[in-house]
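# no sequence on hand, only this structure:
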Ligand SMILES: O=C(O)CCC(=O)C(=O)O
């Protein structure tokens with residue numbers, strides 16, 4: 001019964017997507033283009049004269065792929081996959097202090113054009129060959145394409161973590177000697193955007209052990225899509241640690257809500273923030289992206305982080321693998337691969353062999369605890385923040401056992 005319920009929940013978005021977009025084929029969109037021009041004011045479509053068209057249409061049911069994918073991309077800078085040590089990139093003490101005091105840091109041009117092109121090509125391949133694990137977010141129209149733990153299924157992304165300077169940047173930002181990838185997300189075009197929220201899909205780690213990262217392959221359009229943060233809001237003591245959505249008019253946030261940082265993003269820019277920092281992404285007003293906004297983001301764990309079993313809470317959604325870690329054990333597992341000082345060959349091999357991943361049994365076991373009332377409500381709230389809840393337009397409503405509304 002429970003299995004049937006969960007199965008329906010997991011299938012719901014795909015069924016909805018299929019019915020509402022019956023027969024819609026993917027566009028032969030120029031995803032491989034090096035720079036998609038942001039929606040510009042000079043564009044008649046953005047002035048309401050021409051109906052705006054999505055640059056990317058959602059996949060049909062039969063287009064989804066399973067298992068491991070490898071677009072066999074050549075890495076930039078003569079890097080030999082699994083041989084060359086990761087690159088380095090120095091950030092300044094002043095940047096680290098900005099992160100610590102403001103709760104968010106923008107590093108302009110952290111990744112070169114070569115890396116941006118690499119990520120765009122990897123994304124283009126992924127979107128043209130959609131993976132099954134993307135269907136919940138993609139078919140329900142939250143994003144044009146979104147997939148959690150993309151590094152597990154697509155070798156181009158794991159190679160990015162193993163060989164780029166991402167680990168080196170994050171270890172400096174976190175003042176730590178080790179970085180493990182806790183969870184990641186490939187996010188293409190956040191349709192109607194994310195409302196104000198804090199992050200609690202950080203994988204199985206404590207908030208203080210996590211650092212959020214966000215690497216953009218595109219410029220944000222001039223009219224929408226900029227990330228906005230409440231400066232210093234990581235210091236707040238009023239937002240429920242389990243909350244996803246945050247009402248910034250709530251009592252206790254007065255001193256933070258008046259100081260907002262809105263970032264103008266260019267390709268290769270990287271944002272790093274504290275998981276408690278309250279932030280939002282304003283989507284396209286009509287939910288239609290006629291240019292690309294491709295981002296690779298996620299959470300890394302600092303050295304010494306201990307496994308936190310989140311079974312029974314919404315947090316488990318970012319930890320659906322069948323590993324053997326138990327509460328408070330050091331996070332030392334191929335499911336959370338080390339990327340600084342350098343990748344571990346055994347962990348990388350286990351990824352390549354498909355030992356690391358998810359299967360339906362893992363999901364049923366781990367989501368089982370969500371059948372409880374309170375947890376169900378929180379899980380529901382996670383989908384709300386993605387814009388799929390009531391009052392957010394035409395997105396489907398996902399009902400869970402125990403969810404109140
Ligand atoms: O860029 C996005 O689409 C969402 C980013 C975000 O708010 C997050 O990763 O927490």
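Received, thanks. Because the structure is predicted, anything quoted here is derived from the model rather than measured.
# could you use CA atoms for every contact and neighbour count after this?
Fine.
# with adjacent residues omitted, what lies nearest to the residue of the chain found nearest the ligand?
Per C-alpha to the nearest ligand atom, residue 190 is where the chain lies closest to the ligand, at 4.9 Å. Excluding the flanking residues, the one nearest residue 190 by C-alpha to C-alpha, 6 or more residues apart in numbering is residue 143, at 4.6 Å.
# show me the contacts for the one you found.
Residue 143 sits next to 137, 187-191 when contact means C-alpha atoms under 8 Å, 6 or more residues apart in numbering.
# same thing but 10 Å
58, 134, 136-137, 186-193, 283, 287, 289, 386-387 (C-alpha atoms under 10 Å, 6 or more residues apart in numbering).
# equivalent analysis for residue 87, please.
Here residue 87 is in contact with 77, 79, 162-169, 342 (C-alpha under 10 Å, 6+ apart).
# now for residue 248: which residues touch it?
196-197, 230, 239, 254, 256-258, 278-279.
# kindly report the same for residue 246.
Applying C-alpha under 10 Å, 6+ apart, the residues near residue 246 are 195-198, 239-240, 253, 278-280, 385.
# can you list the residues of the stretch 251-400 of the chain near the ligand?
By C-alpha under 6 Å from any ligand atom, the residues of the stretch 251-400 of the chain that approach the ligand are 280-281, 297.
# change it to 8 Å
Residues of the stretch 251-400 of the chain lying close to the ligand (C-alpha under 8 Å from any ligand atom) are 279-281, 295, 297-298.
# which regions of the stretch 1-150 of the chain sit below the pLDDT cut-off?
By pLDDT under 70, the weakly predicted segments of the stretch 1-150 of the chain are 1-49.
# what segments of it are strands?
Applying DSSP state E, counting those that start in this stretch to the stretch 1-150 of the chain gives strands spanning 104-107, 145-148.
# on contacts alone, who are the packing partners of the first one?
With contacts defined as 3 or more C-alpha pairs under 10 Å, 6 or more residues apart in numbering; DSSP states H and E, strand 104-107 has these neighbours: helix 93-102, strand 210-216, strand 270-273.
# show me which positions of the shortest one end up buried.
Burial within strand 270-273, assessed by neighbour count using 16 or more other C-alpha atoms under 10 Å, is assigned to 270-273.
# and after it, which helix or strand comes next?
As assigned by DSSP states H and E, the chain's next helix or strand after strand 270-273 is strand 279-282.
# among the contacts of residue 246, which pair sits farthest apart?
Farthest pair in the contacts of residue 246 (C-alpha to C-alpha) is 253 and 385. Separation: 18.9 Å.
# circling back to that earlier point, out of the strands of the stretch 1-150 of the chain, which one sits most buried?
strand 145-148 (a mean of 25; mean count of other C-alpha atoms under 10 Å).
# whichever helix or strand comes after it and the ligand, any residue contact?
Following strand 145-148 in sequence order, the next helix or strand is helix 150-153 (DSSP H and E). No. Judged by C-alpha under 8 Å from any ligand atom, helix 150-153 stays clear of the ligand, getting no closer than 14.0 Å.
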